[in-house]
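A.B. asks: Could you look at this predicted model? Sequence included:
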Amino acid sequence: MKDNFVKIPQYENTLWFNTIITAIIYSKYSRELLKKKGLLSKREEPFARLLNKLLIKDKDLKIDSHNFKLLKPSTEILKSIKMDPKINDYIYKYSWDSWMFFINFLKYIDVSYLSLDYYKSHLYFGLRDNLNFKIVDDNIKYDVYEPFSDTYADKEYTKLKSNPNPNYLCINVWGKETYNNIYIKYLNIHLSKENVAHKLNLDTYKSIKYDGLKELREEIEFNNYRYKLDSVILDDYKDIGDNSDFGLAYRYGTAGITDENDVKYLYNAKARVITDSEHNLIYLNADKLLPCEYIEYKWDVRNYKRKLLLSKSLCKKEMNSYSNGENDVYYYGRGIRTIVYVKQERLQQSSNLSEKRRKDEIRDKKIKKNEIKIEIKRYLI
C-alpha cells in the first residue's frame, strides 16, 4: 500500500489532520464511495481539488511548495463548516484530536453521516453534532449550538428518519478507561436532562433496525443496508493517568485503515527524517516533515488486550509488551477512538445479515448434534 499513495507532508501539530485525510481519502470503502459520488471533482476550492487528486491517485500530482501549503487546516476550511476561525491559531499552538474533528471534515466534503456515542451499552445520536467550540482568551470553551430539549431531540430524530442510510456511521466508543474525559462530562450533563437520554437513544425507536453494531463487527446491517468497517481513528493510550485530555500537544493520533485488497494497515502520522533518495520533486518542500510509512497490521477494534507500541524515533511497530518511554502506546480495542463504517449495498429481505447469521447458527447446531450422535454410536458399538 505504501507505494500506491503519496505520503502527506505535515506541519508541526497537524498530524491529527493528516490522520483524518488518510482515513477518508485512502481507506478502501470510503475511497470507493467518494470516487463513485464524485463530490470532490465538482468543487472549486484549491484544497478540495487537491483532495480529489489524492483520491484518484493523479499520476501527475506533486506535493510542491504550493500544494504543501494547502494540506493543512485553515481558517477558510473552518469558516466553510461554520466553526470559529480562531480555532486555527489554537490548533497550531496546541494541536487537536482527530476523532473530535472527524465529522467536521465529513461536513466539509459534504457527505451524509450519523455520529453515535456508544456509552454505557447505549447508542446515542445527536450529541456530538451539537457540541460547539469557541476560543476565549486563548482557551477552548465547549458549548452547544442549541439547548438540549424535547424539541431538539425530536428534530434530530426527524433528521435521522429523513436519511435512514447515511454514507458513514461514526461510532465514538467510550469504555470505562475514558470516563474522566471532558467529553464524557459533556455527555453526562446533557443526558441527565429530562427525556434527553431516552429520546436520543437509538433503541427507543423500533423503526431503526440494526444488527452487529454494538458488537462492532466487520460487517453490520443498518436499516436494511450493509455497512463495512473501513477505518478507526484513535489517540495514544496513557497507561498512567485518566485518559481525560484532548486537544493537547502530547496526544498522538493514528488510524487503522483498509487497503484495496482488504489488508489492514496502520498509519503512523509521526514525522520522520527523509533520506536523500526521497528528497525529490515530489517532496520538494517537505524536508523532515514526511509521516511514517503505512505498516501492515491486522488491527482489531474488539481486541481489548492487544497492545501496540510505535517507536517515537523510528517508523516501526514494536510488539513487545512493555513501554520504555520511547514509544507511543495504542490499543485499537480501547481508549479514545472513533470507528468508521461505510455504506455498501441494500440488502434483500431474504438475504440480510441477521437472517444469514440465524441460518448459520441453525446449521452449526445441526452439525454439533450430528457429531454427538456419531460419538454416541461409536461408544455403543
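C.D. replies: That came through fine.
A.B. asks: Wasn't Ser41 part of a strand?
C.D. replies: No - under DSSP: H, G, I helix; E, B strand; the rest coil, Ser41 falls outside any strand and is assigned helix.
A.B. asks: Could you tell me which residues within the one helix or strand Ile91 maps to count as buried?
C.D. replies: Using DSSP states H and E, Ile91 sits within helix 87-94. In terms of neighbour count (16 or more other Cβ atoms under 10 Å), helix 87-94 has its buried residues at 87-88, 90-91, 94. For the C-beta atoms, the positions are set from N, CA and C on the backbone; glycine is no exception.
A.B. asks: and the next element down the chain from it?
C.D. replies: Next helix or strand after helix 87-94 toward the C-terminus (DSSP H and E): helix 98-109.
A.B. asks: now the chain, which segments are flagged as low pLDDT?
C.D. replies: Within the chain, the ranges that satisfy pLDDT under 70 run 1-4, 9-12, 63-65, 238-252, 269-293, 311-327, 349-381.
A.B. asks: so what does the helix holding Ile91 touch, helix or strand wise?
C.D. replies: Counting contacts by 3 or more Cβ pairs under 8 Å, 6 or more residues apart in numbering; DSSP states H and E, the secondary-structure elements packed against helix 87-94 are helix 75-80, strand 131-136.
A.B. asks: Ala255: which of the buried residues of helix 87-94 is nearest?
C.D. replies: Ile91 (18.2 Å; Cβ to Cβ).
A.B. asks: which one is that closest one nearest to, not counting chain neighbours?
C.D. replies: Pro73 (5.4 Å; Cβ to Cβ, 6 or more residues apart in numbering).
A.B. asks: Torsion angles phi and psi at that neighbour?
C.D. replies: As for Pro73, its main-chain torsions (degrees, to the nearest 10) stand at phi -60, psi 150.
A.B. asks: Would you mind measuring from it to Ile81?
C.D. replies: For Pro73, the distance to Ile81 (Cβ to Cβ, to the nearest Å) stands at 11 Å.
A.B. asks: Please identify which of those two sits among more neighbours.
C.D. replies: Per other Cβ atoms under 10 Å, whichever of Pro73 and Ile81 has more neighbours is Pro73, with 21 against 15.
A.B. asks: isn't that one right next to Tyr90, touching?
C.D. replies: No - counting by Cβ atoms under 8 Å, Pro73 does not reach Tyr90; the two are 10.2 Å apart.
A.B. asks: quick one: contacts for Tyr108?
C.D. replies: 48, 77, 80-81 (Cβ atoms under 8 Å, 6 or more residues apart in numbering).
A.B. asks: cool, Glu45 as well?
C.D. replies: Per Cβ under 8 Å, 6+ apart, neighbours of Glu45: 76, 80.
A.B. asks: Then Leu78?
C.D. replies: Taking Cβ under 8 Å, 6+ apart, one finds 84-85, 87-88 in contact with Leu78.
A.B. asks: Which helix or which strand is home to Phe47?
C.D. replies: Using DSSP H and E, the element containing Phe47 is helix 46-55.
A.B. asks: what's the domain layout of this structure?
C.D. replies: Structural domains annotated on the chain: 15-347, 354-381, as defined by automatic domain parsing.
A.B. asks: Can you lay out the ones you listed as CSV showing distance to Val6?
C.D. replies: Shown next, in CSV, are these (distance: least, Cβ to Cβ, whole Å):
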stretch, distance to Val6
domain 15-347, 6
domain 354-381, 39
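A.B. asks: Looking at those domains, which is nearest to Phe5?
C.D. replies: Per Cβ to Cβ, nearest to Phe5 of the domains of the chain: domain 15-347, 5.5 Å.
A.B. asks: Compute the first-to-last residue distance for that closest one.
C.D. replies: Using Cα to Cα, to the nearest Å, one end of domain 15-347 lies 38 Å from the other.
A.B. asks: one step back: okay, the helices and strands packed on helix 87-94 in CSV with distance to Trp299 next?
C.D. replies: CSV is the format used below for these (distance: least, Cβ to Cβ, whole Å):
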stretch, distance to Trp299
helix 75-80, 28
strand 131-136, 27
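A.B. asks: residues near Lys82, how many?
C.D. replies: 10.
A.B. asks: Is it correct that it falls within a strand?
C.D. replies: No - counting by three-state DSSP, Lys82 falls outside a strand, being coil.
A.B. asks: buried ones in stretch 135-153?
C.D. replies: Buried, per 16+ other Cβ under 10 Å, within stretch 135-153: 140, 148, 152-153.
A.B. asks: CA-only coordinates of the helix holding Phe47 in PDB, if you can.
C.D. replies: Below are the C-alpha coordinates for helix 46-55, written out as PDB (Å, rounded to 0.1, in the frame of the first residue of the first chain):
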ATOM      1  CA  PRO A  46      -8.000  24.600  -4.100                       C
ATOM      2  CA  PHE A  47      -7.900  22.300  -1.000                       C
ATOM      3  CA  ALA A  48     -10.900  20.200  -2.300                       C
ATOM      4  CA  ARG A  49      -9.300  19.900  -5.700                       C
ATOM      5  CA  LEU A  50      -6.100  18.700  -4.200                       C
ATOM      6  CA  LEU A  51      -8.000  16.100  -2.100                       C
ATOM      7  CA  ASN A  52      -9.600  14.900  -5.300                       C
ATOM      8  CA  LYS A  53      -6.200  14.400  -6.900                       C
ATOM      9  CA  LEU A  54      -5.100  12.400  -3.900                       C
ATOM     10  CA  LEU A  55      -8.400  10.400  -4.100                       C
END
